[in-house]
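J.: take this sequence and fold it.
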Amino acid sequence: MLNKKLIIWAALALFGLIIIFSAAFVVTETEQVIITRFGKPVGDPIITPGINFKIPIIEEANFFEKRFLEWDGDPNQMPTKDKRFIWVDTYARWRITDPLLFFQRLRDERGAQSRLDDILDGEVRNAIASHDLVELVRTSNRKPQVDEELTGVDDTDLLAEIKSGREQITRKILKAGAGRVKDLGIELLDLRFKRINYVQEVREKVYDRMIAERKRIADKYRSEGQGEAAEILGLKERELKSITSEAFKKSEEIRGKADAVATRIYASAYNRSAEAREFYKFLKTMETYEATFGQEDWLILSSDSDFYRYLKRPSGR
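T.: Numbers count the residues shown, from 1 in each chain. Coordinates of the predicted model:
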């Protein structure tokens with residue numbers, strides 16, 4: 001009998017603990033809670049961190065984020081005001097400012113994401129259709145850094161003046177979207193273009209045009225370089241011929257002076273004595289032999305020729 005009572009008391013205690021733990025819940029610094037009874041909100045939202053209680057079974061705690069949340073739109077093909085079809089990818093940041101209104105209108109974050117898709121995609125599409133492509137990719141009327149000598153184009157004509165830049169367009173979308181989501185218990189914090197690009201067909205044409213333009217500039221540089229190279233080579237040839245001519249002139253002058261000095265020395269030596277004259281004849285004859293004869297040359301001379309004089313063997317030998 002005693003064991004039976006203990007079992008009953010233990011079961012009651014366990015049931016009480018289950019009731020207590022199911023009734024208590026913890027709210028952290030990053031959360032806010034709405035209590036619902038049979039699916040309907042009761043009381044004020046709980047936004048203060050701490051331990052709170054609810055009626056078990058019939059009441060439920062619905063948790064929502066206090067932190068900034070992300071909305072990432074799907075890339076869509078859209079036409080601009082100047083009929084350019086482009087891919088636009090956007091993203092935004094938002095937060096739940098009124099959890100009760102948020103729960104009543106959207107129930108949860110999945111419903112909020114779906115609603116933001118409808119609102120923000122529509123606002124982005126309207127903004128894209130109301131502006132030219134140049135306004136969507138530029139923020140201000142900056143002065144382009146372009147070398148006019150390289151491109152052959154005046155840089156003042158490259159960028160048209162814009163009235164609304166990319167920054168102003170995103171602020172307009174943000175303002176319009178914020179007004180529409182305010183009644184949903186949401187605050188839209190920021191919206192940006194993640195990417196803007198041409199559709200594939202147009203992109204290939206743009207790339208081809210960019211490649212052709214780069215090739216044109218490269219050909220211009222190449223032709224200018226070839227012209228400069230031809231001019232440098234011509235100047236080199238002229239200077240080389242001038243230097244060669246001047247060197248030849250100087251060498252001939254030096255050689256002429258040397259020959260004159262040698263002739264004067266020879267003449268002076270020739271006039272000194274008969275032995276000197278004979279030695280001079282012998283020396284010049286030897287030089288003539290060296291310049292005339294080769295290893296395989298044949299020379300036919302008469303025995304009384306002066307040219308054969310020094311080749312004769314002296315008599316008695």
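J.: how about low-confidence regions in the stretch 1-150 of the chain?
T.: 1-2, 9, 12-21, 144-150 (pLDDT under 70).
J.: do that again at 80, thanks
T.: Scanning the stretch 1-150 of the chain for pLDDT under 80 picks out 1-22, 141-150.
J.: that one: strands as residue ranges?
T.: 24-27, 31-37, 40-46, 50-53, 59-65, 69-72, 76-79, 85-96 (DSSP state E, counting those that start in this stretch).
J.: TSV for those strands, including distance to Ile8?
T.: C-beta here means a position set from N, CA and C on the backbone, and glycine is covered the same way. Shown next, in TSV, are the strands of the stretch 1-150 of the chain (distance: least, Cβ to Cβ, whole Å):
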stretch	distance to Ile8
strand 24-27	25
strand 31-37	31
strand 40-46	34
strand 50-53	26
strand 59-65	28
strand 69-72	50
strand 76-79	66
strand 85-96	47
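J.: adding distance to Lys143 and mean neighbour count, write these out as JSON lines.
T.: JSON lines is the format used below for the strands of the stretch 1-150 of the chain (distance: least, Cβ to Cβ, whole Å; neighbours: other Cβ atoms under 10 Å):
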{"stretch": "strand 24-27", "distance to Lys143": "55", "mean neighbour count": "15"}
{"stretch": "strand 31-37", "distance to Lys143": "50", "mean neighbour count": "18"}
{"stretch": "strand 40-46", "distance to Lys143": "53", "mean neighbour count": "14"}
{"stretch": "strand 50-53", "distance to Lys143": "58", "mean neighbour count": "11"}
{"stretch": "strand 59-65", "distance to Lys143": "45", "mean neighbour count": "16"}
{"stretch": "strand 69-72", "distance to Lys143": "35", "mean neighbour count": "14"}
{"stretch": "strand 76-79", "distance to Lys143": "30", "mean neighbour count": "14"}
{"stretch": "strand 85-96", "distance to Lys143": "25", "mean neighbour count": "19"}
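J.: enumerate every residue touching Arg95.
T.: Shown in contact with Arg95 (Cβ atoms under 8 Å, 6 or more residues apart in numbering): Glu65, Lys66, Arg67, Phe68, Leu69, Ile186, Glu187, Leu189.
J.: contact partners for the fourth one?
T.: Listed by Cβ under 8 Å, 6+ apart, the contact set of Phe68 reads Arg93, Trp94, Arg95, Leu189.
J.: nearest to Ala262, of the residues you listed?
T.: Nearest to Ala262 out of these is Arg93 (Cβ to Cβ; 102.3 Å).
J.: what sits against Asn62?
T.: Going by Cβ under 8 Å, 6+ apart, Asn62 touches Val33, Ile34, Ile35, Thr36, Phe103.
J.: so what's it bridging to?
T.: When assigned by DSSP bridges, Asn62 has beta-bridge partners Ile34.
J.: how about Met78?
T.: Beta bridges link Met78 to Ile86, judged by DSSP bridges.
J.: just to revisit the earlier point, tabulate the contacts of Asn62 (a markdown table), appending distance to Gly43.
T.: Formatted as a markdown table, those follow (distance: Cβ to Cβ, whole Å):
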| residue | distance to Gly43 |
| --- | --- |
| Val33 | 10 |
| Ile34 | 9 |
| Ile35 | 5 |
| Thr36 | 10 |
| Phe103 | 12 |
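J.: closest to Ile243 among the contacts of Arg95?
T.: Leu189 (78.0 Å).
J.: quick check: the nearest residue to that closest one once chain neighbours are set aside vs Phe68, distance?
T.: Using Cβ to Cβ, 6 or more residues apart in numbering and skipping residues adjacent in sequence, the residue nearest Leu189 is Arg93, 4.4 Å away. Taking Cβ to Cβ, to the nearest Å as the measure, Arg93 falls 5 Å from Phe68.
J.: joint contacts of those two?
T.: Common neighbours of Arg93 and Phe68 (Cβ under 8 Å, 6+ apart) are Leu189.
J.: the longest helix that the chain contains packs against which elements?
T.: Identified as the longest helix of the chain according to DSSP state H is helix 200-270. If you count contacts as 3 or more Cβ pairs under 8 Å, 6 or more residues apart in numbering; DSSP states H and E, helix 200-270 packs onto helix 148-151, helix 274-292.
J.: so the longest one versus helix 200-270, what angle?
T.: Spelled out, that is helix 274-292. In terms of direction (axes from the mean of the first three to the mean of the last three Cα atoms, to 10 degrees), helix 274-292 departs from helix 200-270 by 150 degrees.
J.: tell me what helix 274-292 is packed against?
T.: When contacts are defined as 3+ Cβ pairs under 8 Å, 6+ apart, helix 274-292 packs onto helix 200-270.
J.: can you give me the domain boundaries for this protein?
T.: Taking automatic domain parsing as the reference, the chain has its domains at 2-65, 69-198.
J.: please name whichever of those domains is nearest to Gly225.
T.: domain 69-198 (13.2 Å).
J.: pull up the distance across the closest one, start to finish.
T.: In domain 69-198, first residue to last residue: 29 Å (Cα to Cα, to the nearest Å).
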